[in-house]
Structures are given as C-alpha cells and as structure tokens.
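Engineer: sequence below, structure please.
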Amino acid sequence: MQILISNSSKEAIYIQIKNQIKEKVLSGELVEGDALPSMRQLAMDLHISVITTKRAYEELEKEGFIYSIVGKGSYIAEQNADVIREKKLTTIEEKLVEVIANSKEVGLSLQDIKDWITILYGER
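Structural biologist: Okay, here's the model as predicted:
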C-alpha cells in the first residue's frame, strides 16, 4: 500500500494518511479483511512518528473504516454499500464547497462552473 505524505500540505500528516486510506477503501482498492501495515511499520516507511500513525488508525477506526485486533493488527472493516455511497456524497459535497469558494475568489460565475462541470463530466 502506497501512501504519499506532503510536508508542504496544510493538512496534518495523520489526516493525509487517514484520507488516503479512506480513498483506497471507497475506490475498492482496499477491501474488507485486507491487512494494513502495522503502525510501527507504516511510521518507519514514511519516516514519521508512531504516534502519528496511531492517531490516523484511531480516526479510521472511529469512522468505521478499520478494526484492530490486539496483537494481530488492523484490517479493513466491512463496508455497507449505503454507507459507502453516503461517505462518497459527503466527500463530493466537501470538494464542491472548496471549488465554490475558490471560484468566488477568482470571480467565476455559477454559469462558468456549470459549463466546466458539463464539459469535464462529458469527457469521462
């Protein structure tokens, strides 16, 4: 499993880890029962503190993406299709809010955004 950390990002490192693992689950790259690297191994691979990876895993567990078994490790939890859809919709909404804010900052109109979405949606 590859996770990329950006030291120049405004997001904390544990959030970057959490979000990347969530994206892998939501995209189907990681599925129920897949083992995650140990907190220690991930910390070594990323050259970060074990405390940082521990926090990311704890957040993922709180959100229902993973479960941990003491002495065995952390695994991808079963994901209900309705829950995955809802989480994806929440992600879309968050990204749209950011797009709208950025668009307003540069003076784009709602119609400009609609035109872009229409073009980009049709290309995929």
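Engineer: can you pull out the helices in the chain?
Structural biologist: Ranges of helices in the chain, per DSSP state H, are 13-27, 39-46, 50-62, 81-106, 110-123.
Engineer: the longest one vs helix 110-123, what angle?
Structural biologist: Note on geometry: by axes from the mean of the first three to the mean of the last three C-alpha atoms, to 10 degrees, helix 81-106 and helix 110-123 are set 130 degrees apart in direction.
Engineer: which positions within helix 81-106 qualify as buried?
Structural biologist: Across helix 81-106, burial judged by 16 or more other C-beta atoms under 10 Å covers residue 87. To be clear about C-beta, it is placed using only N, CA and C from the backbone, and glycine gets the same treatment.
Engineer: tilt between that helix and helix 13-27?
Structural biologist: 120 degrees.
Engineer: now do helix 81-106, average pLDDT.
Structural biologist: For helix 81-106, mean pLDDT is 89.
Engineer: re the thing from before, export the helices of the chain to JSON lines and append columns for distance to residue 7.
Structural biologist: Formatted as JSON lines, these follow (distance: least, C-beta to C-beta, whole Å):
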{"stretch": "helix 13-27", "distance to residue 7": "8"}
{"stretch": "helix 39-46", "distance to residue 7": "11"}
{"stretch": "helix 50-62", "distance to residue 7": "12"}
{"stretch": "helix 81-106", "distance to residue 7": "21"}
{"stretch": "helix 110-123", "distance to residue 7": "30"}
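Engineer: right, and the ones you listed - which one's nearest residue 73?
Structural biologist: For residue 73, the closest of the helices of the chain is helix 39-46, at 9.0 Å, according to C-beta to C-beta.
Engineer: what about the closest one, average pLDDT?
Structural biologist: Averaged across helix 39-46, pLDDT comes to 96.
Engineer: any idea how far residue 17 lies from residue 101?
Structural biologist: 25 Å (C-beta to C-beta, to the nearest Å).
Engineer: from residue 41, how far out is the residue positioned nearest the centre of the chain?
Structural biologist: The chain has residue 19 as the residue nearest its centroid, 2.3 Å off, counting by C-alpha atoms, centre = their mean. Counting by C-beta to C-beta, the gap from residue 19 to residue 41 is 20 Å.
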